[in-house]
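Chemist: here's a sequence, model it:
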Amino acid sequence: MSTNANAHGHWPEGYGRVVLGSVDSTMAEAARRAGDIIKPTWIMARTQTAARGRRGRPWVVPPGNLSATLIFNPGCTAAEAAKRSFLAANALYQALAIYVPAEKLSLKWPNDVLLAGGKVAGILLESSGQGPFIDWLSIGIGVNLKHTPEGVTDASFPPTSLMAAGGWEVDAEDFLATLADAYATQEDKLRHFGFTRIRDDWLANAARLGEVITACTGREDVTGIFDSIDQDGNLVLITGTGPRAIPAADVFF
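Modeler: Reported below is the predicted structural model:
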């Protein structure tokens, strides 16, 4: 294990960083360190042995790809904290656009980044707290920088990587510095302009906005025109029976 105080590239003021050689998952490591965190801290691992994505799905992490988690106390309710997935998506878009043409990138609700139609990055949020305000929030981020994961057969959108799509080669720690800086900018926007600005930025790069998509909630499949996301981050579809606001689902198109 190493704590890197002089990371590659510009590092945002007020954010900490820990770089690990190997760990079960950066999300699990963040949870273990939660009681000792005194400022927003990024935890990165060169390799993970038990990485996971949404709904407990495994996340394959070949060497050279990014595995990182940001842990901090956002000082808000769980519902407000959940909106940070859109901040993370905006930051990922901005960071990736440095290394690959931006027109190849799009944001898929609720928490994926697509590159030339394939999944290049995913976001996972976890929080803990007993009162109205949560104690801590972890934002886990995985980015396929150098390698496309193999053996992924059940994905709705097949994985791809930055290099497979013709992007520049970038070291994971260098990319983390770019991402951390972009995320800090998103937090500044949230603080000064509110979630409306975050929402507008996300919608500007949303995949299939204005087109027919299907949201699978686990109880039903809802098909409609992707109209927007609302102020709570819900997916808004225009269906044959009117608008539907969907809080959680897997999206297909």
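Chemist: pLDDT on the helix or strand harbouring Arg33, on average?
Modeler: Using DSSP states H and E, the element containing Arg33 is helix 26-33. Mean pLDDT, helix 26-33: 96.
Chemist: and the contacts of that helix?
Modeler: By C-beta atoms under 8 Å, 6 or more residues apart in numbering, the list of residues contacting helix 26-33 from outside reads 18, 20, 23, 41, 43-45, 48, 50-52, 67-69, 71, 124, 126, 128, 138, 140. (C-beta placed from N, C-alpha, C; glycine too.)
Chemist: show me which of these are buried.
Modeler: 18, 20, 23, 41, 43-45, 48, 51-52, 67-69, 71, 124, 126, 138, 140 (16 or more other C-beta atoms under 10 Å).
Chemist: pLDDT weak spots in the stretch 151-253 of the chain?
Modeler: Scanning the stretch 151-253 of the chain for pLDDT under 70 picks out the ranges 151-155.
Chemist: which of the residues in stretch 184-198 are buried?
Modeler: Ala184, Gln186, Glu187, Lys189, Leu190, Phe195, Ile198.
Chemist: now the strands for this structure?
Modeler: 16-23, 41-48, 66-72, 105-108, 112-115, 118-128, 136-143, 212-216, 221-229, 235-239, 242-246, 250-252 (DSSP state E).
Chemist: Serialize those to JSON lines and add fields for distance to His10.
Modeler: Output for those, formatted as JSON lines (distance: least, C-beta to C-beta, whole Å):
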{"stretch": "strand 16-23", "distance to His10": "12"}
{"stretch": "strand 41-48", "distance to His10": "14"}
{"stretch": "strand 66-72", "distance to His10": "16"}
{"stretch": "strand 105-108", "distance to His10": "22"}
{"stretch": "strand 112-115", "distance to His10": "22"}
{"stretch": "strand 118-128", "distance to His10": "21"}
{"stretch": "strand 136-143", "distance to His10": "18"}
{"stretch": "strand 212-216", "distance to His10": "37"}
{"stretch": "strand 221-229", "distance to His10": "30"}
{"stretch": "strand 235-239", "distance to His10": "34"}
{"stretch": "strand 242-246", "distance to His10": "38"}
{"stretch": "strand 250-252", "distance to His10": "34"}
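Chemist: who's in contact with Trp202?
Modeler: Phe86, Ala89, Asn90, Leu107, Ile229.
Chemist: sorry, back to before: out of the buried residues of stretch 184-198, which is nearest to Ser161?
Modeler: Gln186 (23.8 Å; C-beta to C-beta).
Chemist: correct me, but the closest one touches Tyr93?
Modeler: No: contact criterion C-beta atoms under 8 Å: Gln186 and Tyr93 do not qualify, at 10.2 Å.
Chemist: I'm done for today, thanks for sticking with me.
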